[in-house]
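Chemist: Following is a predicted model, sequence given first.
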Amino acid sequence: MPALPKSLLQSLQRLTGFNSAAFERAHQEGNTVTSIRVNSKKWKHYNPGKKPDDFLPVDKKVSWSSNGYYLTHRPAFIFDPLLHAGAYYVQDASSFFIEQIINQATDLSQSLRALDVCAAPGGKSTLLQSVLSSQSIIVANEVIAMRAGILSENITRWGSPNVIVTQNDPKHFQSLPGYFDIVLVDAPCSGSGMFRKDPDVIKEWFPQQVALCSQRQQRILADIMPALKQNGLLIYSTCSYSPEENEAIADWLLDTFQLEPISISLQEDWGIAITESPRHHAPGYRFYPHLLQGEGLYIACFRKKNS
Ligand code: SAM
C-alpha cells in the first residue's frame, strides 16, 4: 500500500472522527471488507425458506441496513447463479446508509418519484428500488454511454418494473421542473474513500483533482436542482474524504439554493461520524474505515424549502 497523500491527511485533521494514526493503520493493514445486499423479492422467489447464510459465507448483518450482510471472505461471485439472477448485489456497506435517509426523511406509504442522477453501475438505484414502494417511479440516469449500458443490465437483473434508465446530461432534467420528490447525487469525485479497497487510486490522486471535482459537483447540483420538487429531498454523497467535496459543497448548496439541512438519527455503535459544515452547520455523515466496517463515504441530505 503506497503512503497516503500528506496534503489529504492534513486537510482532514480537524474533522470529527478523524484520527490520523488509526486512519493510516486501517489503510496499511489493508483488511478487505466484502458486503452484499439481498434483493428480498428475488431471494424469496429463488430460495423460499432459506437464509443468505445457507448459500453465502455470512459473517453478520450490516447494522444500518435491513438486507445488508458482511461476508467472512470474498467468494468466487462470478460462478454464483444467484448473483446473476439479481438475488443480491455486491456493494460497499457504507452505501447502505441511504436506506436510513429514505426511511427517516420520506413518507414511504406514498408513491414517490426519485431520480438517481449519477447512477452507474447501479448500486444505489437498486437500493432505492428495494426501499421505495412499488408504486413509485425511479429514474436511474448515467451520462456516460458505456456505463449506462452496465447500469441498464444491473437494473434489469434487479427486476423491478418501476425503473427507467436514461443516458442524459444532468441539465436535461430541467425540462421536468419540480418533478422529483427525491434527487440523489452520488457525485463523481476524487475517490480517496476507495484508497483501501483499490490502492492504485492513491497513485492517480492529486490535490488539483479535488478542486476540479468540487467544481463539477457544483455544476451537477446546480443543473439538477430545478427538477427537485418543493419540499423534496436532496441526497448528496461522495466517496471522497476531502472537505472541499463534502462539507464545503454542503455550505455552497445552502448559500446558493433555498434548502434546509436534515439530521438523521444514528445509533452510536454504528461508528458513523457526524461533521458540521463550517458556515451553515449542516450535518454530514462520514464513514471512516478505522471506525466501522466499510469504505470512505460522505452523505448529507437537504429539504427544498417552499418559496
Ligand atoms: N451511484 C453509483 C452506484 O452506487 O453504483 C456510483 C456513481 S459514481 C460515484 C459517479 C457516476 O457519475 C459515474 O458513473 C460517472 O460516470 C458519472 N459522471 C461522471 N461525470 C459526470 C457528469 N459530469 N455529470 C453526471 N454524471 C457524471
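Modeler: Sure, I can see it.

Chemist: Around the ligand, which positions in the stretch 1-150 of the chain sit nearby?
Modeler: Selection of the stretch 1-150 of the chain residues close to the ligand by C-beta under 6 Å from any ligand atom yields 118-124, 142-144, 147. All C-beta atoms are positioned from the backbone trio N, CA, C, and that covers glycine.

Chemist: Cross those against helices and list the overlap.
Modeler: Judged by DSSP state H, those include 123-124, 147 as members of helices.

Chemist: Over to the nearest residue to N19 once chain neighbours are set aside. Which of the three states is it?
Modeler: Leaving aside its sequence neighbours, N19 sits nearest to H290 (C-beta to C-beta, 6 or more residues apart in numbering; 6.3 Å). With DSSP: H, G, I helix; E, B strand; the rest coil as the basis, H290 sits in coil.

Chemist: Quick check: H290 touching R25?
Modeler: Yes. Contact between H290 and R25 holds when scored by C-beta atoms under 8 Å: they sit 6.8 Å apart.

Chemist: out of the two, which sits in the more crowded spot?
Modeler: H290 (18 against 12; other C-beta atoms under 10 Å).

Chemist: Which stretches in the stretch 51-200 of the chain count as helices?
Modeler: In the stretch 51-200 of the chain, the helices defined using DSSP state H, counting those that start in this stretch lie at 81-84, 98-105, 123-131, 145-158, 200-204.

Chemist: Please identify the deepest-packed of those.
Modeler: Highest mean neighbour count of these: helix 123-131, a mean of 23 (counted as mean count of other C-beta atoms under 10 Å).

Chemist: Now do it: which elements does it pack against?
Modeler: When contacts are defined as 3 or more C-beta pairs under 8 Å, 6 or more residues apart in numbering; DSSP states H and E, helix 123-131 sits against strand 34-38, helix 98-105, strand 113-116, strand 137-141, helix 145-158, strand 180-186.

Chemist: In a markdown table: these, plus mean pLDDT.
Modeler: What follows is these, written out as a markdown table (pLDDT from 0 to 100):
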| stretch | mean pLDDT |
| --- | --- |
| strand 34-38 | 98 |
| helix 98-105 | 98 |
| strand 113-116 | 98 |
| strand 137-141 | 98 |
| helix 145-158 | 98 |
| strand 180-186 | 98 |
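
Chemist: Columns distance to D200 on top of these, output as CSV?
Modeler: Putting the helices and strands packed on helix 123-131 into CSV (distance: least, C-beta to C-beta, whole Å) gives the following:
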stretch, distance to D200
strand 34-38, 19
helix 98-105, 27
strand 113-116, 27
strand 137-141, 28
helix 145-158, 19
strand 180-186, 21
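
Chemist: of the ones you listed, which approaches E244 most closely?
Modeler: Of all those, strand 180-186 sits nearest to E244, with 16.0 Å by C-beta to C-beta.

Chemist: which residues are in contact with that closest one?
Modeler: Strand 180-186 has contacts (C-beta atoms under 8 Å, 6 or more residues apart in numbering) with 98, 102, 106, 110, 112-119, 124, 128, 139, 173, 217, 220-221, 224-225, 227-229, 232-238.

Chemist: Show the buried residues in these.
Modeler: Among those, those scoring as buried are 98, 102, 106, 112-119, 124, 128, 139, 173, 217, 220-221, 224-225, 227-229, 232-238 (criterion: 16 or more other C-beta atoms under 10 Å).

Chemist: S134 touches N162, doesn't it?
Modeler: Yes. Here S134 reaches N162: they are 6.2 Å apart, a contact under C-beta under 8 Å.

Chemist: Those two: who's more crowded?
Modeler: The residue with more neighbours, out of S134 and N162, is N162; 14 against 10, by other C-beta under 10 Å.

Chemist: just the helices in the stretch 201-307 of the chain please.
Modeler: Per DSSP H, counting those that start in this stretch, the stretch 201-307 of the chain carries helices over the ranges 207-224, 247-256.

Chemist: Let's test this: mean pLDDT of the last one, rounded?
Modeler: Okay, so that is helix 247-256. The average pLDDT for helix 247-256 rounds to 98.

Chemist: Can you name every helix or strand that that helix contacts?
Modeler: Packing partners of helix 247-256 (3+ C-beta pairs under 8 Å, 6+ apart): helix 207-224, strand 228-238, strand 259-262, strand 297-304.

Chemist: Mind putting these into JSON lines with mean pLDDT and distance to G178?
Modeler: Listed next are those as JSON lines, based on pLDDT from 0 to 100; distance: least, C-beta to C-beta, whole Å:
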{"stretch": "helix 207-224", "mean pLDDT": "97", "distance to G178": "12"}
{"stretch": "strand 228-238", "mean pLDDT": "98", "distance to G178": "5"}
{"stretch": "strand 259-262", "mean pLDDT": "98", "distance to G178": "14"}
{"stretch": "strand 297-304", "mean pLDDT": "98", "distance to G178": "9"}
